[in-house]
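Asker: Whatever this is, show me its structure:
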Amino acid sequence: MKSLFGRKQTEDNPETALARCIVLLDDIRAYRRKDIDQIDAQFEVLKKSKFKDHYDTWVKVRPAAEKIVDMPMKVPGAPKLIKTIGWMKVVNKIFLIFLVLFAAFQIVPIWRRTLGQDFLSGTGLMVTIAFVVLVVISLNVVTLLDYRIRKKIIKFEDETSDEYAPAREKMKEAVSKMMKSLAREVARSKKSPDYYGLVLYFDDYENIEVVDKWHPKSMMVFKKSYNHFQVVPKP
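Answerer: Numbering: from 1, shown residues only. Okay, the predicted model is just below:
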């Protein structure tokens, strides 16, 4: 079964918006770095729908969400690594642009005639290979840096668990409340619960059924410190 957010959606209705907001709050509870302003925009959709009560829920828990989102910036050494990752992502985009251009030089007829049919058989080929290698290295460096940040955050979490526990509990309560509404909507609409399959970091919410569980890895090698749960709303 695919997640609701693992396939292209052909519609965007209040139910899918509610499911999306559930995932966002679960992400915050797991210390995922999120843009609060973008979350505001997602909840604005609920404000104009039959789930407008959950917009009020978001208003109440927003300060707690901000506290959790700001936490990584308080971890010793993490802000510098986060900035480095930001620059690496920019550099990686530049590498990808050049790679696409070199591929276009070989594919687009007019460019091939201008540059010569053998453009990618000599120096051009070496340059293309170099950019491919740079893209692969850049992606792996970002993954490794993100892994280091996560390790630092885990240590900080253990040291400050009491400080952030109330804020994370508010995320849990908000998600449970929203999941109850989603489960009620599934029962009312007669849609299959599988349609609203969600991938979450936690499985302790009300009105859910866990249908799959796995331990993700970085670069297919390094085990991460958390599980992923495939869940569906359960009335």
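
Asker: ok, then the element right after the helix or strand bottoming out on mean pLDDT in the chain?
Answerer: The helix or strand with the lowest mean pLDDT-type score in the chain, counting by mean pLDDT, DSSP states H and E, is strand 222-223 (a mean of 52). Moving toward the C-terminus from strand 222-223, the next helix or strand (DSSP states H and E) is strand 228-233.

Asker: Outline the domain layout of this structure.
Answerer: By the assignment in automatic domain parsing, the chain contains the domains 14-73+162-233, 75-158.

Asker: Let me have these in JSON lines, extended by mean neighbour count.
Answerer: For every residue, glycine as well, the C-beta is placed using N, CA and C. As requested, the domains of the chain are exported to JSON lines (neighbours: other C-beta atoms under 10 Å):
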{"stretch": "domain 14-73+162-233", "mean neighbour count": "17"}
{"stretch": "domain 75-158", "mean neighbour count": "14"}
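
Asker: Out of those domains, name the one with the poorest average pLDDT.
Answerer: Set side by side, these give their lowest mean pLDDT on domain 75-158, at a mean of 76.

Asker: Pull the distance from that domain to the chain's centre.
Answerer: 20 Å (C-alpha atoms, centre = their mean, to the nearest Å).

Asker: Numbering from 831 from now on, please.
Answerer: Taking 831 as the first residue, the last one we looked at is domain 905-988.

Asker: what about it, how long is it end to end?
Answerer: Terminal residues of domain 905-988 lie 12 Å apart, using C-alpha to C-alpha, to the nearest Å.

Asker: pretty sure residue 1026 is touching residue 1011, no?
Answerer: No - Residue 1026 sits out of contact with residue 1011 when judged by C-beta atoms under 8 Å, with a separation of 11.4 Å.

Asker: Strands along this structure, start to end?
Answerer: Secondary structure of the chain by DSSP state E: the strands cover 1028-1030, 1038-1044, 1047-1048, 1052-1053, 1058-1063.

Asker: Ok, which of those strands comes nearest residue 847?
Answerer: Closest approach to residue 847 among the strands of the chain (C-beta to C-beta): strand 1028-1030, 13.0 Å.
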